[in-house]
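Student: quick one: sequence plus predicted model below, questions after.
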Amino acid sequence: MDWHQIFATRNNRMKASEIRELLKLLDQPDIISFAGGIPDPDLFPAEAFQEAFAAALTPDMQATALQYSVSEGYGPLRDWIVEEMARLGIPCTRDNVLITSGSQQALDYLGKLFLSPGDTALLGWPTYLGALGAFNAYEPRYDRLDPETNRSAADYAEAAGEGRVKFAYMSVDFANPTGRTLDSDMRERVIDLADALDIAVIEDAAYQSLRYEGEALAPVLAREIERKGDINACRTLYCGSFSKTLAPGLRVGWVCGAQEVISQLVLLKQAADLHSSSINQMAIATVANAQFDSHVAKIKTAYRARRDRMLTALEAHMPKGVTWTRPEGGMFIWLELPTQINCADLLAQSLQSERVAFVPGHAFFADESGANSMRLSFSRTDEATIDEGIERLGRLIAAAL
């Protein structure tokens, strides 16, 4: 049977994630991988989760842990999130919070909720590859969101053609893939643009807790609440995750925003998977209440040291003509090479001769430009291996030049 003849047209927009494919390289012990932006499993609070799961399976709790539950999410976990949002300057209630299966599911739901074929999503150039994967299925157009320019709302609306602009998506703190952070002025300008276009703002805050230096900046949603007085009057939707702080394998994230939007997302959740895993939510709630702040402090110490080591190694080993970002947090450093270098070709050479993996930058661009760029992740590699890997990579790039 020719299955392709009955696939929906949206299937043509769906592509395999280059990062997920590169993660398979981690099974090869001689590969030094800077590819996957994933936490170090040696830093997981495994003992705390063992205790949390055991507690969830006691006679008093097992009926809740193993049973169907409400689509909105486990109440005590939503309460913890409400308290965390308040600490970030985002006063809200349980009704403003939906638990999702990681923030990736939140992006899929938001794409489904807002995008009709031909509508426009504004996003960074480059942007998070997973966001492109989530939105692509809903057949949008993409336009470049750049708060540093003076591009007008009217220009964005005109470029949208017969569709309309629906939302601006961005990761404002230590963005994947660049590691860059939007400053206060740019955050305010995004709100201004969204108000002028009457669109939503999707604030991807997956790395917000992982700041290693510099002053913490208020989230976009917090700034909008300051302007408008109430979360239910705001257009920003904050997507949070426990994947980078506690454990990605449990797949627990959340969306925080206006109740009117959350109620629509709940309907999508009911149709998709009914609810996220009850026992996983219970375990996350237990560990978060017991040690979220202390555990985040621990992993920040480790990741900061690795970031510093990679920046030092880049200074020592990269040839002239290569530039890179200097992130204040997160897991990524973005490199730009001279324009004659194609980093997809360079990766093939690197895997064969130097045994170093990275992610070619073109995967993060909606128009597949950026061939001379790459993303490096420092989160899962020890400091000595970072030195060795960057030295090898620098040698390869120097030869290519």
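Tutor: Perfect, thanks for sending it.
Student: ok, then the element right after the lowest-mean-pLDDT helix or strand in the chain?
Tutor: None of the helices or strands of the chain scores lower by mean pLDDT, DSSP states H and E than helix 18-23, at a mean of 60. Proceeding N to C from helix 18-23, the next assigned helix or strand is strand 32-33, under DSSP states H and E.
Student: can you pull the alpha-carbon coordinates of whichever helix or strand comes after that following strand into PDB?
Tutor: Sequence order places helix 46-56 as the next helix or strand after strand 32-33, per DSSP H and E. The C-alpha coordinates for helix 46-56 follow below in PDB (Å, rounded to 0.1, in the frame of the first residue of the first chain):
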ATOM      1  CA  ALA A  46      17.500  10.100  41.900                       C
ATOM      2  CA  GLU A  47      17.300   9.200  45.600                       C
ATOM      3  CA  ALA A  48      14.700  11.900  46.200                       C
ATOM      4  CA  PHE A  49      12.600  10.500  43.300                       C
ATOM      5  CA  GLN A  50      13.000   7.000  44.600                       C
ATOM      6  CA  GLU A  51      11.500   8.200  47.900                       C
ATOM      7  CA  ALA A  52       8.800  10.200  46.100                       C
ATOM      8  CA  PHE A  53       7.600   7.300  44.000                       C
ATOM      9  CA  ALA A  54       7.600   5.000  47.000                       C
ATOM     10  CA  ALA A  55       5.400   7.500  48.900                       C
ATOM     11  CA  ALA A  56       3.100   7.800  45.900                       C
END
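Student: which residues are in contact with helix 46-56?
Tutor: Helix 46-56 is contacted by residues 61-62, 64-65, 247, 279, 282-284, 286-287, 290-291, 295 when judged by C-beta atoms under 8 Å, 6 or more residues apart in numbering. All C-beta spots, glycine's among them, are computed from the backbone N, C-alpha and C.
Student: helices of the stretch 251-400 of the chain, residue ranges please.
Tutor: 259-272, 278-317, 343-349, 383-400 (DSSP state H, counting those that start in this stretch).
Student: out of the ones you listed, which is closest to Ala216?
Tutor: For the helices of the stretch 251-400 of the chain, proximity to Ala216 was assessed by C-beta to C-beta; helix 278-317 is nearest, at 12.2 Å.
Student: tell me who's in contact with the nearest residue to Gly370 once chain neighbours are set aside.
Tutor: Setting aside the residues directly before and after it, Gly370 is nearest to Gly361 in space (C-beta to C-beta, 6 or more residues apart in numbering), at 4.2 Å. Neighbouring residues of Gly361 by C-beta under 8 Å, 6+ apart: Pro126, Pro177, Trp334, Leu335, Glu336, Cys343, Gly370, Ala371, Asn372, Ser373, Met374, Arg375.
Student: just Arg223 next, same as before
Tutor: Arg223 touches Arg187, Glu188, Ile191, counting by C-beta under 8 Å, 6+ apart.
Student: output these as a markdown table; include the columns neighbour count.
Tutor: A markdown table is the format used below for the contacts of Arg223 (neighbours: other C-beta atoms under 10 Å):
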| residue | neighbour count |
| --- | --- |
| Arg187 | 24 |
| Glu188 | 16 |
| Ile191 | 22 |
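Student: now those in JSON lines, with pLDDT?
Tutor: Shown next, in JSON lines, are the contacts of Arg223 (pLDDT from 0 to 100):
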{"residue": "Arg187", "pLDDT": "97"}
{"residue": "Glu188", "pLDDT": "97"}
{"residue": "Ile191", "pLDDT": "98"}
